[in-house]
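Participant: no FASTA, just this:
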């Protein structure tokens, strides 16, 4: 059995990996655990908002420490970081700006990330553009837990239909996936609501619409020693 250590950027990703993804990967003879990186310091961050890669050097130190803790050849490591609000000291950050297409940009950043960590067991993954893109693969499911927001959710659904994939919904401060959901449903909580909605959508449905995410999951399913 392959041991897979996933490094998550925040509590939302950590919960998704622990409560949903690990069970799925168990069917492929992969034992999964998850740790959250030290985000770094930022004034006035609320408890619910903790997480995120605020400083790459902090995240790198965590990853390198975990790599040293498990040096076995049957161990693999991967990440689940958001492209949205990635810190400017992230490997390849400035060079990636030349890519206008999100898929090309995120692939370049992942390559730079992997080269910087420099361990064949580490498989970098960056989510386009953040976790809430998975929810926007079928935003109508928000109706399952948010009563009285039907009109706002319907408008959100219509806006999302203009994108080839929810992964292409951008990284603007007011137009990123989570920002769009919060505009429609101010009470939306990334931590408590995110996993519930993703579970109702289903991993297969999400994978069919989120191509970069699907590539990552497929790569994990096919891990070999």
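Facilitator: Everything's here; your move. Quick caveat: nothing in here was measured; it's all calculated off a predicted structure.
Participant: list the residues that contact the residue nearest to residue 138 when sequence neighbours are not counted.
Facilitator: The spatially closest residue to residue 138, leaving aside those adjacent along the chain, is residue 201, at 4.6 Å (Cβ to Cβ, 6 or more residues apart in numbering). Any C-beta I mention is one placed from the backbone N, CA and C, and that applies to glycine too. For residue 201, the contacting residues are 134, 135, 137, 138, 141, by Cβ atoms under 8 Å, 6 or more residues apart in numbering.
Participant: the last one - how many residues pack around it?
Facilitator: By that I understand residue 141. 20 (other Cβ atoms under 10 Å).
Participant: can you check the one 4 residues further on too?
Facilitator: Neighbour count of residue 145, defined by other Cβ under 10 Å: 14.
Participant: surely it meets residue 196?
Facilitator: Yes - between residue 145 and residue 196 there is a contact under Cβ atoms under 8 Å: 6.1 Å.
Participant: check the spacing between the residue nearest to residue 138 and residue 16 real quick.
Facilitator: 12 Å (Cβ to Cβ, to the nearest Å).
Participant: who touches both of these two?
Facilitator: Common contacts of residue 201 and residue 16 (Cβ under 8 Å, 6+ apart): none found.
Participant: show me what the host helix or strand of residue 108 is packed up against.
Facilitator: For residue 108, the host element (DSSP states H and E) is helix 102-117. On a contact count with 3 or more Cβ pairs under 8 Å, 6 or more residues apart in numbering; DSSP states H and E, helix 102-117 meets helix 56-69, strand 126-127, helix 211-221.
Participant: quick one: low-confidence parts of the protein?
Facilitator: For the chain, applying pLDDT under 70 flags the ranges 40-51, 225.
Participant: residue boundaries of the strands in it?
Facilitator: 2-8, 30-36, 75-82, 122-123, 126-127 (DSSP state E).
Participant: can I get the ones you listed in JSON lines including mean neighbour count and distance to residue 57?
Facilitator: Output for those, formatted as JSON lines (neighbours: other Cβ atoms under 10 Å; distance: least, Cβ to Cβ, whole Å):
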{"stretch": "strand 2-8", "mean neighbour count": "21", "distance to residue 57": "14"}
{"stretch": "strand 30-36", "mean neighbour count": "17", "distance to residue 57": "16"}
{"stretch": "strand 75-82", "mean neighbour count": "22", "distance to residue 57": "14"}
{"stretch": "strand 122-123", "mean neighbour count": "20", "distance to residue 57": "16"}
{"stretch": "strand 126-127", "mean neighbour count": "24", "distance to residue 57": "17"}
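Participant: re the thing from before, list buried residues within the contacts of residue 201.
Facilitator: Among the contacts of residue 201, those scoring as buried are 134, 135, 137, 138, 141 (criterion: 16 or more other Cβ atoms under 10 Å).
Participant: how about the contacts made by the fourth one?
Facilitator: Translated: residue 138. Counting by Cβ under 8 Å, 6+ apart, residue 138 makes contact with 201, 205, 206, 209.
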